[in-house]
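[1] requesting a structural model of the entry that follows:
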Amino acid sequence: MRLSNRGKSTQFSTLQWPFFFAFVAALFSTATAQARCNNPNRKIGYCVSIYECPSLIEVVRRYDLAPRDREFLQKSQCTNGYGQSPYVCCTPDKGFTSSNDGSNPMPVTSTTTTRRPSIVKPPSPSNGKGNVLPVPPACGPNSLDNKIYNGKDTPLDQYPWMVLLEYTQKNGKPILNCGGSLINQRYVLTAGHCVVGAIETEVGPLSTIHLGEYDISTEIDCIQEDCNKEVVKLGYEQVIPHPQYQPNNNNRHHDIALIRMAEDVTYTDFIRPVCLPMASSRQAINVGELLTVAGWGRTLLARQSNVKQELAVPVVDHDECARKFSSRNVNLITSQLCAGGEFSKDSCDGDSGGPLMRQSDRNRWYLEGVVSFGNRCGLEGWPAVYTRVADYVDWIEQTLRP
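    Numbering: from 1, shown residues only. Next up is the predicted model:
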């Protein structure tokens, strides 16, 4: 039985398994309403899509949503509204007030965006913050949709730090193969095997970083009437694998790398950095704890999912995992983290370099692992192996430059 390197079709590549979802119930119940409604302040408004209510969209997009704000949003819900759900009773109000004067809502405007072709740009000067790692609330935001409801589809702005890496094949055609995570305006964190080694000879050289992607099969990504902004495609200045990473070693120790992009990224609702487990904020990772892995999950031969997907995977005891992989002549070290091991639920080919994440009690997302490799995909009792990010924060900080 051969090991599977999750980012390329090599002697380690194997069959791919899809993600299985675990969805949660809605955060709140809704109140019966018609086209006209009363908001929590008893002001008369119209029942419309949250995306067409400028006053409440402004509330939703706040970095730190206070409990009182969340309560106002929940109590603003209505049914039988116009446009895409969730529906809210729209007025100029942005929170609870003592007023009840029955004022009319703000004019409703559409926020749908049309995507234009992206252009790969040459290197440009940095804003001087390339060596700065963001901390909450400037990183790891929750999805805008998750503040209102939990639906059956991954929201367009879910995990806005996730990137896709594009390579140029020998025939000159582009191919998307690995993932990564945006960690600040200039750098992406990915797996070492996504930038050096067999991927260069068997797939092709890295060419472009895609940011803000959701559905790779469409030019414009929309859920009903809500569309995200255009995908940003950037070149890169430098790839920096960890100095101790050995591309030809099956142990995959230190399988982590930085990519310095050709220019600074402008943050949007769909492009934003993830938080790193800094020494001042990191927490122990406990056996059995559920972490979240996300990606597009595909191989070079078949695309299993065009849409960004997520999966909760349990952390596995390191010693137990090490014994398991030793039977395949793979020696794991403590800077490698094991998670998963459930049948058909796994990260897989095409997910390499992508994030293994934890959500904090303040609803901020932290990057705990980078998808590295596994023994095939989705095999019962065989967890996937991730590079433990906390063990490399010092190297990351020392390597970043303005």
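
[2] tell me which element Glu237 is part of?
    Assigning secondary structure by DSSP states H and E places Glu237 in strand 236-241.

[3] show residues contacting that strand.
    Outside strand 236-241, the residues within contact range by CB atoms under 8 Å, 6 or more residues apart in numbering are 123, 192, 195-196, 206, 209, 247, 256-262, 399. (Each C-beta comes from the backbone N, C-alpha and C, glycine too.)

[4] need the worst-confidence member of those residues.
    Lowest pLDDT among those: Pro123, with 60.

[5] so what's the nearest residue to Pro136 once chain neighbours are set aside up against?
    If you skip the residues right next to it in sequence, Pro136 has Arg364 as its closest partner in space, 4.6 Å away by CB to CB, 6 or more residues apart in numbering. Under the criterion of CB under 8 Å, 6+ apart, the neighbours of Arg364 are 136-137, 139-142, 275.

[6] just the ones of the residues you listed in strands?
    For the contacts of Arg364, membership in strands holds for none, with DSSP state E as the criterion.

[7] for PyMOL, write a command that selects the buried ones of those residues.
    Here the buried members of the contacts of Arg364 are turned into a PyMOL selection, burial being counted by 16 or more other CB atoms under 10 Å:
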select buried, resi 136+139+140+141+142+275
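
[8] okay, the contacts of Arg364 in TSV with pLDDT and distance to Glu202 next?
    Formatted as TSV, those follow (pLDDT from 0 to 100; distance: CB to CB, whole Å):
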residue	pLDDT	distance to Glu202
Pro136	88	40
Pro137	86	42
Cys139	93	34
Gly140	91	34
Pro141	87	36
Asn142	79	38
Cys275	95	34
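
[9] just the closest of the contacts of Arg364 to Val313, please.
    The shortest separation between Val313 and any of the contacts of Arg364 is 18.7 Å, and it belongs to Gly140 (by CB to CB).

[10] next one: the strand holding Glu237 to chain centre, how far?
    Offset of strand 236-241 from its chain centre (CA atoms, centre = their mean, to the nearest Å): 21 Å.

[11] following it, which helix or strand shows up next?
    Heading C-terminal from strand 236-241 (DSSP H and E), you reach strand 257-261.

[12] residues touching the next helix or strand after that following strand, excluding its own?
    Per DSSP H and E, the first helix or strand lying C-terminal to strand 257-261 is strand 290-295. The set of residues that contact strand 290-295 without belonging to it, under CB under 8 Å, 6+ apart, is 19, 158-159, 162, 179, 285, 308-315, 339-340, 347, 350-351, 354-359, 368-369, 371, 384.

[13] thinking again about what came up before, give the PyMOL command for selecting the buried subset of the contacts of strand 236-241.
    Selecting only the buried entries of these in PyMOL, with 16+ other CB under 10 Å as the criterion:
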select buried, resi 192+195+196+206+209+256+257+258+259+260+261+262+399
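
[14] closest to Asp221 among the contacts of strand 236-241?
    Checking the contacts of strand 236-241 against Asp221 by CB to CB gives Ile209 as the nearest, at 17.4 Å.

[15] what's the angle from whatever helix or strand that closest one lives in to strand 257-261?
    With the criterion set as DSSP H and E, the secondary-structure element containing Ile209 is strand 206-211. For strand 206-211 and strand 257-261, the angle between their directions (axes from the mean of the first three to the mean of the last three CA atoms, to 10 degrees) works out to 80 degrees.

[16] show me what strand 206-211 is packed against.
    Contacting strand 206-211 under the criterion 3 or more CB pairs under 8 Å, 6 or more residues apart in numbering; DSSP states H and E are the following elements: strand 162-168, strand 174-182, strand 232-234, strand 236-241, strand 257-261.

[17] for that strand, what is the distance to the chain centroid?
    Centre-to-centre, strand 206-211 and its host chain are 16 Å apart (CA atoms, centre = their mean).

[18] for the following helix or strand past it, packing partners?
    Proceeding N to C from strand 206-211, the next assigned helix or strand is strand 222-223, under DSSP H and E. In this structure, strand 222-223 packs against no helix or strand, with contacts taken as 3+ CB pairs under 8 Å, 6+ apart.

[19] for the closest residue to Trp365 other than its chain neighbours, what are its contacts?
    Counting by CB to CB, 6+ apart, Gly140 is the residue found nearest to Trp365 once chain neighbours are left out, at 3.8 Å. Contact criterion CB under 8 Å, 6+ apart gives 161, 273-275, 360, 364-366 as the residues in contact with Gly140.

[20] for stretch 54-62, buried residues please.
    For stretch 54-62, the neighbour count (16+ other CB under 10 Å) marks 54-57, 59-60 as buried.

[21] can you redo these as a markdown table with pLDDT, secondary structure and distance to Asp226?
    Shown next, in a markdown table, are the buried residues of stretch 54-62 (pLDDT from 0 to 100; DSSP: H, G, I helix; E, B strand; the rest coil; distance: CB to CB, whole Å):
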| residue | pLDDT | secondary structure | distance to Asp226 |
| --- | --- | --- | --- |
| Pro54 | 83 | helix | 14 |
| Ser55 | 86 | helix | 17 |
| Leu56 | 87 | helix | 14 |
| Ile57 | 80 | helix | 11 |
| Val59 | 82 | helix | 17 |
| Val60 | 77 | helix | 12 |
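
[22] would you say Leu337 is within a strand?
    Yes - with the criterion set as DSSP: H, G, I helix; E, B strand; the rest coil, the secondary structure at Leu337 is a strand.

[23] which of the helices and strands packed on strand 206-211 sits closest to Asn127?
    Using CB to CB as the criterion, the shortest distance between Asn127 and the helices and strands packed on strand 206-211 is 12.4 Å, found for strand 257-261.

[24] tilt between that closest one and strand 174-182?
    Put simply, strand 257-261 runs at 100 degrees to strand 174-182, going by the same axes, to 10 degrees.
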